[in-house]
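Asks: have a look; sequence and predicted model below, questions after that.
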Amino acid sequence: MGTERTWHPQPPARRSATSIDIRMFARGTARGVAPKARIATYKVARKFRNTPITDVVAAIDAAVKDGVDIISLSIGYYDM
């Protein structure tokens, strides 16, 4: 895996489903359930689906250390 911080939060344009929400927060127009919530993104996948489970576990550990309260994993692949 590399150093402890080899993953970095992705810029809003690189986030798939959250990019619209991020823009709403940036403009200050979002209102609702968790107004002080923030999104922390940890990218751990490598190319060609060969990401070791230890990298996923390390990202979870880092998120917990960073004080993240809710962790949602989206893991999957498709054949091309």
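Replies: Structure's in. What do you need? Since the model is a prediction, treat every value here as computed from it, not as a measurement.

Asks: alpha carbons only for contacts and neighbour counts from here, please
Replies: OK.

Asks: which residues in the chain form helices?
Replies: All helices of the chain, identified by DSSP state H, fall at 19-27, 53-65.

Asks: pick out the shakiest of the ones you listed, pLDDT-wise.
Replies: The minimum mean pLDDT among those belongs to helix 19-27 (a mean of 56).

Asks: so how far is D69 from Y42?
Replies: Distance, Y42 to D69, using C-alpha to C-alpha, to the nearest Å: 14 Å.

Asks: between those two, tell me which one has more neighbours.
Replies: Comparing Y42 with D69 by neighbour count (other C-alpha atoms under 10 Å), the higher total belongs to Y42, at 18 against 8.

Asks: so the more buried one makes contact with A59?
Replies: Yes: between Y42 and A59 there is a contact under C-alpha atoms under 8 Å: 6.4 Å.

Asks: can you list the weak-confidence ranges in the protein?
Replies: 1-33, 35, 48-49, 77-80 (pLDDT under 70).
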